[in-house]
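K.L.:
Sharing a model prediction with you, sequence too.
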2 protein chains.
Amino acid sequence: MTIADLAKDFTDLLKQGNSEAAASKYNADDVVSYEAMEGPMAVSKGKEALKQKSVWWQANHEVHSATVEGPFVNNNQFALRFKYDITPKETGKRVTMDEVGVYDVKDGKIVAERFYY
Amino acid sequence: MTIADLAKDFTDLLKQGNSEAAASKYNADDVVSYEAMEGPMAVSKGKEALKQKSVWWQANHEVHSATVEGPFVNNNQFALRFKYDITPKETGKRVTMDEVGVYDVKDGKIVAERFYY
């Protein structure tokens, strides 16, 4: 499977709102996620940790709409552009999130993801 | 200068169409540029090589419009989203280019740039 094919299938799953299937199918067991923030959420290590992070995020945000653009590929990486219209339950304030994700692929699996905002 | 300040100033210069000033001000002498293609343009090394690449690109493309979105920051990197409406002089066919650039910053200078499409 080429990086372009993997990136397209992963992205198609996200566009269908099926992020759990995308992560389950393509995240490596030792995948690492890097957020652009300080604190305990800055780095998450391992497929199970990322799954729990995703469950937490979905439980704590009301998503009004989400768009995913891409994939944009270079060598063993691909990038996606995300726009979310959400209300964090903690604040109750509706906000837009506009970010870029970059994914590192090795041996047919995603080994790292970095989010820029 | 924080990475956020550097990224904002660099991006503002690009948004003003002043990419030469942006590169001159922020590219490290040993900056490396990675394109998502095979061949001689895949990797360019050094501030002077990148300048020549930029001169070549501008001489060989008619730019009808260009938009830059960002910056999106994470740790020592920032990402930009580019959309170009251009006509390569070689083909004469008007096309849109939609891509993401990711920049690595070290000691206040850009040491690498990667373009995803």
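P.N.:
Everything's here; your move. Numbering: from 1, shown residues only, chains lettered A, B, ... in the order given.

K.L.:
A:Y117: what's it in contact with?
P.N.:
A:A36, A:M97, A:D98, A:E99, A:V100, B:F72, B:V73, B:N74 (CB atoms under 8 Å, 6 or more residues apart in numbering or on different chains). All C-beta atoms are positioned from the backbone trio N, CA, C, and that covers glycine.

K.L.:
The helix or strand of chain A with the lowest mean pLDDT - contacts with which helices or strands?
P.N.:
Every helix and strand of chain A was ranked by mean pLDDT, DSSP states H and E. The lowest is helix A:47-60, at a mean of 91. Helix A:47-60 is packed against helix A:19-26, strand A:27-34, with contacts defined by 3 or more CB pairs under 8 Å, 6 or more residues apart in numbering or on different chains; DSSP states H and E.

K.L.:
Okay, and the residue lying closest to A:P71 once chain neighbours are set aside sits in which element?
P.N.:
Leaving aside its sequence neighbours, A:P71 sits nearest to A:A7 (CB to CB, 6 or more residues apart in numbering or on different chains; 3.7 Å). Using DSSP states H and E, A:A7 sits in helix A:3-15.

K.L.:
Show me what that helix is in contact with.
P.N.:
A:19, A:21-22, A:25-26, A:68, A:70-71, A:73, A:75-78, A:80, A:103, A:105, A:108, A:110.

K.L.:
Give me the buried subset of the residues you listed.
P.N.:
A:19, A:22, A:26, A:68, A:70-71, A:73, A:77-78, A:80, A:103, A:105, A:110 (16 or more other CB atoms under 10 Å in any protein chain shown).

K.L.:
From these, which land in helices?
P.N.:
A:S19, A:A22, A:Y26 (DSSP state H).

K.L.:
Output those residues as TSV; include the columns pLDDT.
P.N.:
As requested, those are exported to TSV (pLDDT from 0 to 100):
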residue	pLDDT
A:S19	93
A:A22	97
A:Y26	98
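
K.L.:
ok, so of the residues you listed, who is nearest chain B?
P.N.:
Proximity of those to chain B (CB to the nearest CB) peaks at A:Y26, which lies at 17.3 Å.

K.L.:
if I read this right, the closest one contacts A:D107, doesn't it?
P.N.:
No - taking contacts as CB atoms under 8 Å, A:Y26 lies outside contact range of A:D107: 11.3 Å.

K.L.:
From the centre of chain A, point out the most distant residue.
P.N.:
Distance from the C-alpha centroid of chain A, by CA atoms, centre = their mean, peaks at A:G92 (22.9 Å).

K.L.:
Quick check on it: phi, psi?
P.N.:
A:G92 adopts backbone torsions of phi 70, psi 10, taken as degrees, to the nearest 10.

K.L.:
Any chance of CSV for the contacts of A:Y117, columns pLDDT and distance to B:K51?
P.N.:
Output for these, formatted as CSV (pLDDT from 0 to 100; distance: CB to CB, whole Å):
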residue, pLDDT, distance to B:K51
A:A36, 89, 30
A:M97, 93, 36
A:D98, 93, 31
A:E99, 95, 31
A:V100, 97, 26
B:F72, 97, 25
B:V73, 97, 25
B:N74, 96, 27
